[in-house]
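Peer 1: Here is a sequence together with a model predicted from it:
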Amino acid sequence: MLVRPVLPVLDYVVNYDYITKVLCVNKAKPSMHCNGKCHLMKELAKAADEQKQQSEKKSVQQQAEVLFCQAITPLLVPNPFIAETKPVQTGYCNLYFHMGHTSVFHPPALIS
């Protein structure tokens, strides 16, 4: 992208003599000291137009890509090796009984 505007300037520098003598629009008016700058401006304008057209094409392509985008839904396949688990219903009943005695059991003392 950055090279495109430099190419016409590089061409102007390399072919300076040819551009000033043949391609310059104002070669009949040497008092203007144009020296082919008019040709350089035309080439820079062409390069800018081409770059603008390419950027418009890129933006149209990007819009088209977004337009045809479709979300991918995951495919869910049931696993035959994992059995379905059902909740186990037990008949648990709290049969624990606690006597609320405060005394502590002591074994009988031996009398000898």
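Peer 2: Sure, I can see it.

Peer 1: So which residues of this structure form strands?
Peer 2: Here the chain has no strands by DSSP state E.

Peer 1: What ranges does it have for its helices?
Peer 2: Taking DSSP state H, the helices of the chain run over residues 6-14, 16-18, 37-67.

Peer 1: Could you save these as JSON lines and add columns showing mean pLDDT, mean neighbour count and distance to Leu75?
Peer 2: (C-beta placed from N, C-alpha, C; glycine too.) Output for the helices of the chain, formatted as JSON lines (pLDDT from 0 to 100; neighbours: other Cβ atoms under 10 Å; distance: least, Cβ to Cβ, whole Å):
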{"stretch": "helix 6-14", "mean pLDDT": "83", "mean neighbour count": "13", "distance to Leu75": "51"}
{"stretch": "helix 16-18", "mean pLDDT": "86", "mean neighbour count": "11", "distance to Leu75": "67"}
{"stretch": "helix 37-67", "mean pLDDT": "75", "mean neighbour count": "12", "distance to Leu75": "24"}
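
Peer 1: Which one of these lies nearest to Ala28?
Peer 2: Closest to Ala28 of those, according to Cβ to Cβ: helix 37-67, at 12.1 Å.
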